[in-house]
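> Model the following, please.
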Amino acid sequence: MTAAGAAPSTVISPTSSTPTAQPVGWLLVAAIALLPIQFELSAEFRLAPTDIFVAAYIGLRLRSFRHLGKAWSSWHLLLFVTIFYGAAVAFVATGQVSQFAFPTKTIGVMQLFAIVFASLDYSRTFGDLTRLVRTFVGSATVITAVSIVVLYMQSAGTVELSRFNLDAARLSGLLVDPNAMGGLIGTALALLVVTAAARQPLMSRPITIAAALILSVGLFQTYSRSAWLGTGFGLIAGAVLLRGPIRRRLALIAFVGVAAGLTVFLLSSADSDVNRLASRGDQASERVSIAGDAFADFVGSPLFGTGLGTSEGRHGLQIHNTTIWFLAEMGPIGLLSIIGLITVLALWAMRSSRTATAPIAAVAAAALVAHLTMFGVSMGIEALYQRHWWFVWAVIGWCHAYEAADDGGGRPVLRRREIAR
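Numbering: from 1, shown residues only. As a prediction, the model looks like this:
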């Protein structure tokens, strides 16, 4: 077995063709490609085309759907149950369940689990998995590039295109929220640069460099401090946790990224858009206040939490921190479920990055950094319902469940005592 970073540089190629690849499988490929796109139909409802394509894929595959047992843990089940537990607590405490709790969060978590189920069913071989990863990174890069151009044209007064970019000032693409877009870009950037740093790039060198530059510029122009800090945290944590030459490469990438961002910020004038949009001290103090209210709510109901969706009713605002949200509204069980699952997935990815064959180890290492990036983002926004994070979880689950046979074809073999039904 070869750890990430020890193999010569070769582009990971989806060499295999599986029963899911034609034609039904393209529904899932389309679903992953559409992850950077949402449509805001109202203040309370956004339509994600990904959900439609995933539902269609599962519906057509239902009779021969595959369950990959080792890609799941009891922590997944606990998280699922916790969401409904929180809705039940809210009903008992208030006599009603808010729209935030049902259907937004309860039905929403089913859609998120569906993304993982579908991705695992599709990925019969390592080639299938990398096809999905490459599709996500490529789509994120294209949408980001288009959004950068549109943002420039908006600032010049050439076009409006109100569906692109928040207030024509912060890059949000078609995700409505710049923080969500920043998290998605950070995730794509992690998958791209870590596989390249492990000498198992998803794309050719010129395309990788171009995509990395586009994603980096896009990440900066979201002016999402949560996404900036999350991406930095993911890269630095990866440099600490991963083994081999990849550690030094990631440390260098993190240093260059932080240095470049600070240079742009410091060279900007005090009244520039860069300084104004990056500072936003009022939002920072507001989020500290929200976190304080959330802790106060937990102290008032330390055993069961206040119930799913009650914080918005109490304070008029959603808690902008996933871990604190789970603690306040779902109590100790909520905190245990989210921290437990995040930790287990990180351990799975770290193990696969150290023990799997080189291509899988590289993807596992990239998924670890992407996972930690989103955990960092979740400290500043509620990130659990970001679909791209769940796609990363599917990648980690696949890497944990399989090891690749060294036959040059990316054919997976089951771990000992593994049963895939």
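
> where in the stretch 301-421 of the chain is pLDDT low?
Filtered on pLDDT under 70, the stretch 301-421 of the chain yields the residue ranges 403-421.

> That one: helices as residue ranges?
310-315, 322-355, 358-377, 387-401 (DSSP state H, counting those that start in this stretch).

> Could you pull out the strands in the stretch 151-300 of the chain for me?
With DSSP state E, counting those that start in this stretch, there are no strands along the stretch 151-300 of the chain.

> Can you show me the helices along the stretch 51-200 of the chain?
74-94, 106-122, 126-155, 178-197.

> could you redo these as TSV and give each row mean neighbour count and distance to A366?
The C-beta positions use only the backbone N, C-alpha and C, and glycine is treated the same way. Shown next, in TSV, are those (neighbours: other Cβ atoms under 10 Å; distance: least, Cβ to Cβ, whole Å):
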stretch	mean neighbour count	distance to A366
helix 74-94	18	21
helix 106-122	20	15
helix 126-155	21	8
helix 178-197	29	4
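
> picking up where we left off before, so of the helices of the stretch 301-421 of the chain, which one's packed in deepest?
Comparing these by mean neighbour count (mean count of other Cβ atoms under 10 Å), helix 358-377 ranks first with a mean of 29.

> how about V97, phi and psi?
phi -120, psi 130 (degrees, to the nearest 10).

> that older thread, ok, which of the helices of the stretch 51-200 of the chain comes nearest I52?
helix 106-122 (10.1 Å; Cβ to Cβ).

> That closest one vs helix 387-401, what angle?
In terms of direction (axes from the mean of the first three to the mean of the last three Cα atoms, to 10 degrees), helix 106-122 departs from helix 387-401 by 40 degrees.

> tilt between helix 106-122 and helix 126-155?
130 degrees.

> May I see the helices of the stretch 51-200 of the chain organised as CSV, with distance to R249 and mean pLDDT added?
Formatted as CSV, the helices of the stretch 51-200 of the chain follow (distance: least, Cβ to Cβ, whole Å; pLDDT from 0 to 100):
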stretch, distance to R249, mean pLDDT
helix 74-94, 31, 95
helix 106-122, 27, 96
helix 126-155, 18, 95
helix 178-197, 4, 97
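
> okay, those helices in CSV with distance to R170 next?
Putting the helices of the stretch 51-200 of the chain into CSV (distance: least, Cβ to Cβ, whole Å) gives the following:
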stretch, distance to R170
helix 74-94, 30
helix 106-122, 25
helix 126-155, 8
helix 178-197, 4
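
> And these: which comes nearest T323?
Nearest of the helices of the stretch 51-200 of the chain to T323, taken as Cβ to Cβ: helix 74-94 at 12.6 Å.

> ok now the closest one, how far from the chain's centre?
22 Å (Cα atoms, centre = their mean, to the nearest Å).

> hang on, the earlier thing: put together JSON lines for the helices of the stretch 301-421 of the chain, with distance to A254 on each row.
JSON lines is the format used below for the helices of the stretch 301-421 of the chain (distance: least, Cβ to Cβ, whole Å):
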{"stretch": "helix 310-315", "distance to A254": "34"}
{"stretch": "helix 322-355", "distance to A254": "17"}
{"stretch": "helix 358-377", "distance to A254": "10"}
{"stretch": "helix 387-401", "distance to A254": "19"}
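
> Which one of the ones you listed lies nearest to G238?
That would be helix 358-377 among the helices of the stretch 301-421 of the chain, by Cβ to Cβ, at 3.9 Å.

> by contact count, what packs against the closest one?
helix 126-155, helix 178-197, helix 225-241, helix 322-355, helix 387-401, strand 402-404 (3 or more Cβ pairs under 8 Å, 6 or more residues apart in numbering; DSSP states H and E).

> Minimum distance to W26: which of those has it?
helix 126-155 (10.2 Å).

> For the closest one, name the packing helices and strands.
helix 25-33, helix 106-122, helix 178-197, helix 205-221, helix 358-377, helix 387-401.

> can you state the direction angle for the last one and helix 322-355?
Yep, that's helix 387-401 we're talking about. Interaxial angle, helix 387-401 versus helix 322-355 (the same axes, to 10 degrees): 40 degrees.

> OK, contacts around R170?
By Cβ atoms under 8 Å, 6 or more residues apart in numbering, the residues touching R170 are 178, 221-224, 277.

> quick one: it and S224, what's the gap?
8 Å (Cβ to Cβ, to the nearest Å).

> Between these two, which contacts overlap?
P178.

> For the residue nearest to A227 when sequence neighbours are not counted, list the residues it contacts.
Sequence neighbours aside, G182 is the residue nearest to A227 in space, at 2.5 Å (criterion: Cβ to Cβ, 6 or more residues apart in numbering). Applying Cβ under 8 Å, 6+ apart to G182 gives the contacts 219, 222, 224, 226-228, 230-231, 377.

> and which of the residues you listed is nearest R387?
V377 (13.5 Å).

> my guess is the closest one meets R225, correct?
No - taking contacts as Cβ atoms under 8 Å, V377 lies outside contact range of R225: 10.0 Å.

> Quick check: V194 touching T373?
No - counting by Cβ under 8 Å, V194 does not reach T373; the two are 10.1 Å apart.

> And the most far-flung residue of the chain relative to its centre, how far from P302?
For the chain, the residue at maximal distance from the C-alpha centroid (Cα atoms, centre = their mean) is G95, at 34.3 Å. Using Cβ to Cβ, we find G95 at a distance of 22 Å from P302.

> for F233, same thing?
Counting by Cβ to Cβ - F233 and P302 are separated by 29 Å.

> Look at those two and report which has more neighbours.
Taking neighbours as other Cβ atoms under 10 Å, F233 and P302 compare with F233 leading, 20 against 11.

> Apart from its chain neighbours, what residue comes closest to the more buried one?
G376 (3.5 Å).

> Make sure that neighbour is actually in contact with L229.
Yes - counting by Cβ under 8 Å, L229 is a contact partner of G376 at 5.8 Å.

> Distance to V142 for the helices and strands packed on helix 126-155 - can I get that in JSON lines?
Converted to JSON lines, the helices and strands packed on helix 126-155 look like this (distance: least, Cβ to Cβ, whole Å):
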{"stretch": "helix 25-33", "distance to V142": "9"}
{"stretch": "helix 106-122", "distance to V142": "20"}
{"stretch": "helix 178-197", "distance to V142": "11"}
{"stretch": "helix 205-221", "distance to V142": "9"}
{"stretch": "helix 358-377", "distance to V142": "18"}
{"stretch": "helix 387-401", "distance to V142": "15"}
